[in-house]
Structures are given as C-alpha cells and as structure tokens.
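Colleague: Quick one, fold the following:
(one chain, ligands or ions: 1)
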Amino acid sequence: MLHKNLAISDDNHLTIAGFDTVELAKKYGTPLYVLDTDTVYENCVMYKTLIEKYFGEGSMPLIASKALSCKEIYRIAAKAGIGTDMVSGGEIYTAFSAGFPMERAYFHGNNKTDKDIAFALDCGVGCFVLDNNEEVEALEAEAAKRNVKVRVMLRVSPGIDPHTFKAVVTGSVDSKFGVAIETGQALETSKKILGCKHLVFEGFHCHIGSQIFDYEPFATAAETMLAFIAEVKKETGYTVSTLNLGGGFGVRYVESDPVFDYEKALSDIADAMDKCYAKYGLTKLKILFEPGRSMVAAAGLTLYTVGSFKTITGYKSYVSVDGGMPDNPRYALYQSKYTCLVANKAGDEKTETVTVAGRCCESGDLIQEEAPLQPCERGDTLAVLVTGAYNYSMASNYNRLPRPAMVGVGKDGDRIIIKRESYEDLVRNDI
Ligand SMILES: Cc1ncc(COP(=O)(O)O)c(C=O)c1O
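Modeller: Numbers count the residues shown, from 1 in each chain. Next up is the predicted model:
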C-alpha cells in the first residue's frame, strides 16, 4: 500500500493503523476524517531525532499548524517535545487551550494585526517570525507598552524556485511573504530590528514551498541563508543564533509519487551547511524546521458514502459521494492528486476510471478526475487516502454543509477528536 499504516484485511476491507475503515464509517457516519495519531506522534519523534542528530541539541521541528490544527495535534506535539508554528489567532488559541507550552510556539503570517500581536503576547507565544517593517514597528510598540522583551526572527525570501506547483511556492523574490535578500530589503529590515530595544533578534526564517521532492533546493536555500547571515554579520557585527528553514518536504499521494527520504534531505542540508560554516567563519546555529504535510498527511484518510452515478456516454463517468470540496478543496484549488478506493472492496482490481464528485452545487466540486476505482454501488464506502494535511484545516461550510467529524485511531483505540458539526452549529452565529 501507499503508506505503511494502510493494509487490506482478510475480509477485503481497507484498514488504517489496524482499524477497519468500513466499521469506522458505520460507527461514526460519513463523511469522516480518520487520523492515525500514533503515526503523527512517530513522525514528530522521527523529525526530532533526526534534526538533533544532524543539527545538534536545541535544533527542533515545529509542526506547521496550517497543515492540521486541532487540540489533539498540539497534545501530540507537546508530548513529543517539539514546537509548533502558527499563523493566526485561531491557531494560537487552539494550541493555548490544549495546554501547549507556548514558549515553543512561533507566530508567522504576512499581516499580523495589532490585535493578533497583543493576543499572541497575552498567550505567551515564544517567538514572532516577523514578515515586514510594519510588523517590526507594531511589535516593538506593543512590547514597549508592556515593557517586555520579545524574541523575534525575520522571514526572508531567498529567491529559490523549488520546481513545485506555483500556488505553493513561497520563497521567490516576488513572494508576498518576507523581505527579499536580493533587493537589499532583508538587510535593511534586519538593521531596523537591531535598532529596537524590546526585540531580541534570534534569527532568520525561510520557506521555499510545499510538496517538494527534489533534495537540492533545500540545501541551496540553507546555503543562501548562511551567506546572508554572514553578510548581516559583516554589515552589522551581529550574528544571529537560529535559522529556521521552514517545511516543504514531499509526501506520496499516489503510487507514481517518489518516496521522499527525510533523513537524506536533512543530512544533505547539514553537509551543505557545514561547508558554509567553514567558508564564512560562522559558528553552528540552532536549526528549526517546520514540516506540516509530511507530519500529518499520510496519517489521515477520508471516508465517504457512495451515492449517485452518472455515465455520459462517450465522455466520462461520475461517482458522487456525500462530501466534497467543503471537506477537501485541494483538487478544486490545485488539481491535487489523490488515491481513491472502495474501502469495502479494497483488494479488488480497479477496473473503472471515474470522476469522483462531491455533492455541492458547484461544477468544480470534484475530489479527483480520471481516477482508477473498483466497480462500486450506492452505499459503498469510498476512501480517499493521505488527507491528513490541508483537508480539515482548509475545510469550509460551503452550501451550509457541516464539517465532518475526525476520529483518532491508535493505541488509545478509536475516539472522536473533533466532533461532527451539527445544523445548530451552522446557525450559531446567525442573528
Ligand atoms: C511558513 C511555513 N512553514 C511551514 C509550512 C509547511 O509546509 P509543508 O506542509 O509543505 O511541510 C508552510 C506551508 O506552506 C509555510 O508557509
């Protein structure tokens, strides 16, 4: 199977972490997100162990909240002893209310409002990853008002094109995120931070994109960042202590995707950096990474109930399910590839080629086009694999569809970790 937590049982049902998905669909209803929480924990520990091995003590992964933010994720991250990066007051509140140690929380975003800044300080967020001059000024003003010192990093765009889908490239010079090294603006903003009495300048951040399978762009980004850190040292006399290299490691969604070797990626980056430390006469920095997708994607899948069918003779066949773009907008947004299968006929041959459609009043509401699938009928359980990242976190209530529940599976058994929304939930804020 695509990932090691997936298998087919003797009665031909798809299992995740040993749990029968057809039984889960029956017990909890559909659409249903299933999250293998042991795999999430193992991924946190895997990254922590490898990052410490290659970059030294104090170096650490920060799970990227944007991939999946819910209280259970922060409980798992806290238990694994790793940090988190977050991009909104809502993510901060979720982590805070789950009891996450907020000194290990890093606050991102290209437009933190004054309210966000105050809220993050109230919640004890450990470090702000500043994105621009306005944020530098706003945070300095708030910190001065409170008479506190705040740890900060600066997000820069290193000008790297990682050959991935354009919408998820974030480190190019013309990106909306961060200040560009190439234009000299990153150095200018660094000087501005150094001039702020209440900001403790810890280091720099970059994130080059997402779903990257090439190893080389990560190493190139690290080299570019160290060259820039050396330049800042030369220009200002100040050496930062920390470098945050973001996330972006690829995940297998379909059989044709390569297997990404996380240890190779990290050791290649470490090798490239060791050469740069020697070249620029820098001492080793504390290194942070922000894996999101590779922490949670393969730990998740979504279960739907098959409903209507339609074959347009000479054109295509549709299989419609009881969810769609509100619970997984990624095909509609990016034409993301997914593996679909009929969970109660999981070992059968996929002899059909179908478009899996959702039930929204929207032609673009598709989960997958041209998808190989087992023959199926109304009432079958359809599984979409590897939906742990950027599915629940991107979900909406379009067409006033309630968001599905999420059930956690693992050593603790199967249990609801996010309740299914009800119709009352949908009108809760309506006046
Ligand atoms: C700043 C930042 N960090 C981390 C991530 C996580 O990336 P991924 O899920 O590809 O690992 C993202 C995603 O775009 C990001 O923008």
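
Colleague: How much space separates V321 from the ligand?
Modeller: 25 Å (C-beta to the nearest ligand atom, to the nearest Å). In short, each C-beta sits where N, CA and C put it, glycine included.

Colleague: Is it correct that that residue is in contact with V306?
Modeller: Yes: here V321 lies in contact with V306, judged by C-beta atoms under 8 Å, at a distance of 6.0 Å.

Colleague: Show me whatever sits in contact with both of these two.
Modeller: In terms of C-beta atoms under 8 Å, 6 or more residues apart in numbering, V321 and V306 are both contacted by the residues L382.

Colleague: For these two, indicate the residue with more neighbours.
Modeller: Relative neighbour count places V321 above the other of V321 and V306, with 25 against 22, counting by other C-beta atoms under 10 Å.

Colleague: Domain ranges for the chain, per the record?
Modeller: 6-36+297-427, 108-291 (automatic domain parsing).

Colleague: wait, doesn't F213 sit right on F260?
Modeller: Yes: using C-beta under 8 Å, F213 is in contact with F260, at 5.7 Å.

Colleague: Between these two, which contacts overlap?
Modeller: Taking C-beta under 8 Å, 6+ apart as the criterion, F213 and F260 both touch G250.

Colleague: Mind checking what secondary structure D327 has?
Modeller: Under the three-state scheme (DSSP: H, G, I helix; E, B strand; the rest coil), D327 adopts coil.

Colleague: The residue lying closest to L288 once chain neighbours are set aside: what's it in contact with?
Modeller: Once flanking residues are discounted, L288 sits nearest to N244: 4.0 Å by C-beta to C-beta, 6 or more residues apart in numbering. Going by C-beta under 8 Å, 6+ apart, N244 touches L62, Y106, V129, M153, G203, F204, H205, C206, I287, L288, F289, E290.

Colleague: Skipping adjacent residues, who's closest to the fifth one in space?
Modeller: With C-beta to C-beta, 6+ apart as the measure, T242 is the residue that lies nearest to G203, at 3.4 Å, once sequence neighbours are left out.

Colleague: quick revisit: could the domains of the chain be laid out in CSV, adding mean pLDDT?
Modeller: Formatted as CSV, the domains of the chain follow (pLDDT from 0 to 100):
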stretch, mean pLDDT
domain 6-36+297-427, 97
domain 108-291, 94
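
Colleague: Quick one: name the residues of the protein near the ligand.
Modeller: Residues of the chain lying close to the ligand by C-beta under 6 Å from any ligand atom are 64, 66-67, 85, 108, 170, 207, 210, 246-249, 290-294.

Colleague: Please identify the buried residues of the longest strand along the chain?
Modeller: When the chain is scanned for its longest strand (criterion: DSSP state E), the result is strand 300-311. Applying a neighbour-count criterion of 16 or more other C-beta atoms under 10 Å, one finds G300, L301, T302, L303, Y304, T305, V306 buried in strand 300-311.
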